[in-house]
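Participant: missing the sequence, but the structure's below:
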């Protein structure tokens, strides 16, 4: 049985110590195994305090990184790249503190940044990404953490949209794997289960939701096929529900959430949990 997690973005953004103190006990009481903690800015929440809280509740943690405008590992000046690398190392440090085996997210370019590329220009970008991501991967590997790079859909990036592109871009970098999000895979992969198998042992983290960002299971996705594919590649990590609230203007705009996706955000989490347990 897969461990099941939920991202605090279902309720709030950015995450604070006060938010986590309120949400973590509910998440534990509902029966989740993992709580996913976004690091929008280093210092938004205290990793040591979070570790103590989650330990007392019997919750595991996963950490996700965030790439707003100004965080770039390709096509940017040296100062921006260095600042982004420093931010990613800070995410690794937070992951170590809370016991997360990964930091997951689009660790290559800011979300929403798109540009046209020829095949040669894409290869050049991937080479630049490998050069700039490798030191972060090494830093993570030394601390037992994997940088899980997430392909995003075509409307959020033009750099890495598919598993095939992700493997080409970052495959083989020590300390670096893949984070797969079924929301993006539903848009970009012709066969999501086959894409999971293509990723193979690079799969380091998995995020789940319905095709409309609602509760997993209330949709058209072939969940049994996805679960079978994850077992086939021996994925042992959690399935973390990632969705967003329409009631927070900043995150709703960033994630294009223009309507409620469940009766309540609590219901989105709990119905998703109940469905995922059936897998």
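Facilitator: Good, I have the coordinates. Model, not experiment: these values are computed from the prediction.

Participant: number of residues surrounding residue 186?
Facilitator: 17 (other CB atoms under 10 Å). Placement of C-beta: from N, CA and C, glycine included.

Participant: check contacts around it.
Facilitator: By CB atoms under 8 Å, 6 or more residues apart in numbering, the residues touching residue 186 are 192, 211, 221.

Participant: let's see 6 Å
Facilitator: residue 211 (CB atoms under 6 Å, 6 or more residues apart in numbering).

Participant: and it, helix, strand or coil?
Facilitator: Under DSSP: H, G, I helix; E, B strand; the rest coil, residue 186 falls in the helix class.

Participant: any regions of the stretch 51-200 of the chain where pLDDT drops low?
Facilitator: For the stretch 51-200 of the chain, not a single residue meets the criterion pLDDT under 70.

Participant: can you pull out the strands in it?
Facilitator: 60-65, 102-105, 146-149, 176-181 (DSSP state E, counting those that start in this stretch).

Participant: make TSV from those and add mean neighbour count and distance to residue 245 to it.
Facilitator: TSV is the format used below for the strands of the stretch 51-200 of the chain (neighbours: other CB atoms under 10 Å; distance: least, CB to CB, whole Å):
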stretch	mean neighbour count	distance to residue 245
strand 60-65	26	16
strand 102-105	27	19
strand 146-149	28	24
strand 176-181	26	18
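
Participant: can you redo these as JSON lines with distance to residue 217?
Facilitator: Converted to JSON lines, the strands of the stretch 51-200 of the chain look like this (distance: least, CB to CB, whole Å):
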{"stretch": "strand 60-65", "distance to residue 217": "21"}
{"stretch": "strand 102-105", "distance to residue 217": "22"}
{"stretch": "strand 146-149", "distance to residue 217": "24"}
{"stretch": "strand 176-181", "distance to residue 217": "16"}
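
Participant: tell me where the longest helix sits in this structure.
Facilitator: helix 119-142 (DSSP state H).

Participant: for it, buried residues please.
Facilitator: 122, 125-126, 128-130, 132-133, 136-137, 139-141 (16 or more other CB atoms under 10 Å).

Participant: which one of those residues is nearest residue 216?
Facilitator: residue 140 (28.1 Å; CB to CB).

Participant: not counting residues beside it along the chain, what's closest to that closest one?
Facilitator: Take residue 140 and drop its neighbours on the chain: the residue closest to it by CB to CB, 6 or more residues apart in numbering is residue 175, 4.4 Å away.

Participant: same thing with residue 271?
Facilitator: Using CB to CB, 6+ apart, the nearest residue to residue 271 is residue 215, at 4.5 Å.

Participant: just residue 162 next, same as before
Facilitator: Using CB to CB, 6+ apart, the nearest residue to residue 162 is residue 188, at 5.2 Å.

Participant: quick one: residue 6 is in a helix?
Facilitator: No - judged by three-state DSSP, residue 6 forms no part of a helix; its state is strand.

Participant: do you know how far it is from residue 271?
Facilitator: 12 Å (CB to CB, to the nearest Å).

Participant: out of those two, which sits in the more crowded spot?
Facilitator: A count of neighbours by other CB under 10 Å puts residue 6 above the other of residue 6 and residue 271, at 29 against 18.

Participant: count of neighbours near the nearest residue to that one once chain neighbours are set aside?
Facilitator: Using CB to CB, 6+ apart and skipping residues adjacent in sequence, the residue nearest residue 6 is residue 241, 4.5 Å away. Residues near residue 241, counting by other CB under 10 Å, number 28.
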